[in-house]
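[1] How does the following fold in three dimensions:
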Amino acid sequence: MAKQKQRFQCHKCQETFDLLIDSEEQPVLMGYCPYCGETWEVDLLPEASTVTIYKSPTQKIAESMQLPAVLITRPRQE
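    Numbering: from 1, shown residues only. All right, here's what the predicted structure looks like:
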């Protein structure tokens, strides 16, 4: 899957920021807020629904995750 731009909102300072993500490679993302420096994580699997595109009833073309416009982070679990 190609990388996609996703918007996140920091759980601590409420600022939003964009990151390029590959949701297939990393179902749990971890990082830090570029504004306040707080470490965070986001579990993409509960947030996502999968959309499957078919060319015909037997031939699947693609599958992609549909994520919310803004994902709210949570404190990182150590």
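[2] From here on, just use CA atoms for contacts and neighbour counts.
    Will do.
[3] Residue 76 is in contact with residue 41, isn't it?
    Yes. Using C-alpha atoms under 8 Å, residue 76 is in contact with residue 41, at 5.1 Å.
[4] the more surrounded of those two?
    A side-by-side neighbour count of residue 76 and residue 41, using other C-alpha atoms under 10 Å, places residue 41 first with 18 against 14.
[5] Now the more buried one: which helix or strand?
    Following DSSP states H and E, the helix or strand that holds residue 41 is strand 39-43.
[6] Okay, now the sheet partners of that strand, with direction.
    strand 28-32 (antiparallel), strand 74-75 (antiparallel) (DSSP bridges).
[7] so of these, which one's packed in deepest?
    Ranked by average neighbour count under the criterion mean count of other C-alpha atoms under 10 Å, those are headed by strand 74-75 at a mean of 16.
[8] any residues touching it, and which ones?
    10-11, 38-42 (C-alpha atoms under 8 Å, 6 or more residues apart in numbering).
[9] Same question for stretch 6-18.
    5, 19-21, 33-36, 38, 40, 69-75.
[10] out of those residues, which are inside helices?
    Per DSSP state H, helices hold no members of the contacts of stretch 6-18.
[11] Of the residues you listed, select the buried ones using a PyMOL command.
    Those of the contacts of stretch 6-18 that count as buried under 16 or more other C-alpha atoms under 10 Å are selected in PyMOL with:
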select buried, resi 21+33+38+40+71+72+73+74
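[12] so of the contacts of stretch 6-18, which ones are in strands?
    Per DSSP state E, strands hold the following members of the contacts of stretch 6-18: 5, 19-21, 40, 70-72, 74-75.
[13] I'd like those written out as JSON lines, with distance to residue 28 added.
    Output for the ones in strands among the contacts of stretch 6-18, formatted as JSON lines (distance: C-alpha to C-alpha, whole Å):
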{"residue": "5", "distance to residue 28": "16"}
{"residue": "19", "distance to residue 28": "14"}
{"residue": "20", "distance to residue 28": "14"}
{"residue": "21", "distance to residue 28": "11"}
{"residue": "40", "distance to residue 28": "10"}
{"residue": "70", "distance to residue 28": "16"}
{"residue": "71", "distance to residue 28": "12"}
{"residue": "72", "distance to residue 28": "13"}
{"residue": "74", "distance to residue 28": "11"}
{"residue": "75", "distance to residue 28": "13"}
